[in-house]
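A.B. asks: Next input, structure requested:
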Amino acid sequence: MDRVETGNLNRQFFFPDQVGQVKVDALADNLLRLEPRLHVLRHQLRVSAANLPTLLGPCDLVIEAFDGARDKEMVWNVMARGPHRRPLVGASGLAGWRNLEAVRVRHLGSRFVMCGDSGPGVSDACPPLAPKVGAVACLQAGAAVAFMMEMKPPHR
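C.D. replies: Numbering: from 1, shown residues only. Purely as a prediction, here's the structure:
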């Protein structure tokens with residue numbers, strides 16, 4: 001729902017010439033440059049507890065990558081109950097550049113994985129920066145692949 005800002009460039013898959021563009025469009029363009037055969041669904045909206053189940057559709061796995069604590073909590077709450085239950089890989093503790101060695105993967109039951117250091121939140125004095133965000137993103141990707149390798153083929 002938002003636009004690429006200069007502050008996103010140190011840790012997100014955007015380029016300086018994309019500042020000001022709608023994020024979903026800029027990201028889709030970048031992904032399609034890497035793999036032109038992708039089918040990218042774009043949703044330029046604020047994700048909420050009400051629309052999240054519809055947005056997830058038939059997906060088999062969810063990777064949470066929100067910036068804000070409230071949005072993260074909303075995803076976890078929706079995914080923990082009802083028919084929306086499916087594996088979820090989340091991130092917590094991405095602020096700053098210190099304590100990179102504290103970044104780890106925590107298994108929270110059989111369907112939930114949390115990656116990060118669970119440290120203090122993002123602030124002006126402790127913004128999210130590429131080293132920690134990148135380390136956590138790699139751990140999330142690894143956890144997602146592990147879930148996918150263990151899944152039975154979907155019946156569709």
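
A.B. asks: which residues touch stretch 120-131?
C.D. replies: By C-beta atoms under 8 Å, 6 or more residues apart in numbering, the list of residues contacting stretch 120-131 from outside reads Gly7, Asn10, Arg11, Asp67, Ala69, Gly93, Leu94, Ala95, Gly96, Trp97, Leu100. Any C-beta I mention is one placed from the backbone N, CA and C, and that applies to glycine too.

A.B. asks: can you pull out the helices in the chain?
C.D. replies: For the chain, helices defined by DSSP state H occupy the ranges 23-34, 52-56, 69-79, 130-150.

A.B. asks: Touching the third one from outside, list them.
C.D. replies: Where contact means C-beta under 8 Å, 6+ apart, the residues beyond helix 69-79 that reach it are 47-49, 52-53, 62, 64, 66, 84-86, 88, 90-92, 112, 121.

A.B. asks: try 6 Å
C.D. replies: The contact list for helix 69-79, computed with C-beta atoms under 6 Å, 6 or more residues apart in numbering, reads Ala49, Leu52, Glu64, Phe66, His84, Leu88.

A.B. asks: go on, the first one?
C.D. replies: Residues outside helix 23-34 that contact it (C-beta under 6 Å, 6+ apart): Asp2, Val4, Phe13, Phe14, Gln18, Leu38, Val40, Arg42, Gln44.

A.B. asks: make it 8 Å
C.D. replies: Applying C-beta under 8 Å, 6+ apart, the contact partners of helix 23-34 are 1-4, 8, 13-15, 18, 38, 40, 42-44.

A.B. asks: Tell me the buried residues within these.
C.D. replies: By neighbour count, with 16 or more other C-beta atoms under 10 Å, the contacts of helix 23-34 hold Val4, Asn8, Phe14, Gln18 as buried.

A.B. asks: returning to that earlier point: closest one to Arg104 among the helices of the chain?
C.D. replies: Arg104 lies closest, by C-beta to C-beta, to one member of these: helix 130-150, at 7.7 Å.

A.B. asks: I'd like the average pLDDT over that closest one.
C.D. replies: When pLDDT is averaged over helix 130-150, the result is 90.

A.B. asks: how far is that helix from where the chain is centred?
C.D. replies: Helix 130-150 has its C-alpha centroid displaced from the chain centroid by 10 Å (C-alpha atoms, centre = their mean, to the nearest Å).

A.B. asks: before we move on, back to that, can I get the helices of the chain in TSV including distance to Arg106?
C.D. replies: Compiled in TSV, the helices of the chain are given as follows (distance: least, C-beta to C-beta, whole Å):
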stretch	distance to Arg106
helix 23-34	27
helix 52-56	23
helix 69-79	13
helix 130-150	10
